[in-house]
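> Give me coordinates for this.
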Amino acid sequence: MPPFLRLFFLCLALIVAETAQAASATVIGYHRFDGHRSSMSMPMDVFEAHLKYLKEHANVVSMDEFAGYIKRRESFPPRTVVITIDDGWSSVMQAFELLKKYDLPFTLFLPMAYMANPNSRITLSAAQIEQLKTWPKVTFADHSFSHSPRLQVDKHASREAYLAFLRTDLAASRKRFHEIFGYYPKYYAYPYGLGNDVFGSLLAENGYDLMFVTGYRPFDGSVNPHAIPRLGGHAVSVQKLKEIVETY
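Next comes the predicted model:
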């Protein structure tokens, strides 16, 4: 092969490799689907429009598949998306019907004090959780026990007091999660979307693989897996979602 052709193919290979390494994924975070009751809620017709676009134009993967790419240090296929829903509000069941309709995997981040709790009528009941368990494409994950503001470091007088509270909350969350699901979670979304090194280290010590924050940027190899940002699904139109997914 002539030298100039060898140089051409070498350059081409480098360009392809660089492009592959730059491939990223979009993690979307939703919350409620009950209209005007919360600034983080979204109408069901908009949510369905999101799902229709994602089904037709994106590569929607489960949380385990997403984690697998990260563990293997592989680049993501183009337009890779992960769907997550936080807080375990009962309106999740409306979203669930649409996710089944479009046959899409999703992850529920659940604050365990409120799950299957007969004293909480606006969060997922035991019967609803059992119904969700029948869908093989749902991943259950941790969102703390209490969802308390005290999970933030600035609510404590010392690092030791903060760490003690984190440990107590995490132990309670893991215990309740195991009671309901029969296994321990691998993924954690920080309440209020705010994590830190102390919190992340404690979670890693307890077997969590990935942790999630708010404040969107696409996930690639340069992003800390203990602080994966998510796009607020309630805040974007279908057109904006399209622009984000197709840009990265």
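> Where does the prediction get shaky in this structure?
1-22, 35-37 (pLDDT under 70).
> Now do the helices for it: every range, in order, please.
For the chain, the helices defined by DSSP state H cover 3-22, 44-57, 63-72, 92-101, 126-133, 159-181, 197-205, 238-247.
> Of all these, which one comes closest to Thr84?
helix 63-72 (7.6 Å; CB to CB). The way it works is simple: take the backbone N, C-alpha and C, and place the C-beta from them, glycine included.
> Give me the distance between that closest one and the centre of its chain.
12 Å (CA atoms, centre = their mean, to the nearest Å).
> Next: stretch 63-75.
Centroid separation for stretch 63-75 versus its chain: 14 Å, with CA atoms, centre = their mean.
> Show me what counts as buried in it.
Going by neighbour count (16 or more other CB atoms under 10 Å), the buried part of stretch 63-75 is Met63, Phe66, Ala67, Tyr69, Ile70, Ser75.
> from those, which single one is nearest Glu56?
Ranked by distance to Glu56 (CB to CB), those are led by Phe66 at 20.1 Å.
> which residue sits closest to the closest one in space, ignoring its chain neighbours?
Val82 (4.9 Å; CB to CB, 6 or more residues apart in numbering).
> burial of Arg159, as a residue count?
For Arg159, the neighbour count with other CB atoms under 10 Å is 10.
> Please apply the same query to Gln239.
Applying other CB under 10 Å, we find 10 residues neighbouring Gln239.
> State the distance from Tyr30 to Asp87.
10 Å (CB to CB, to the nearest Å).
> Select, out of the helices of the chain, the one closest to Ala227.
When the helices of the chain are compared by CB to CB, helix 197-205 sits nearest Ala227, at 6.7 Å.
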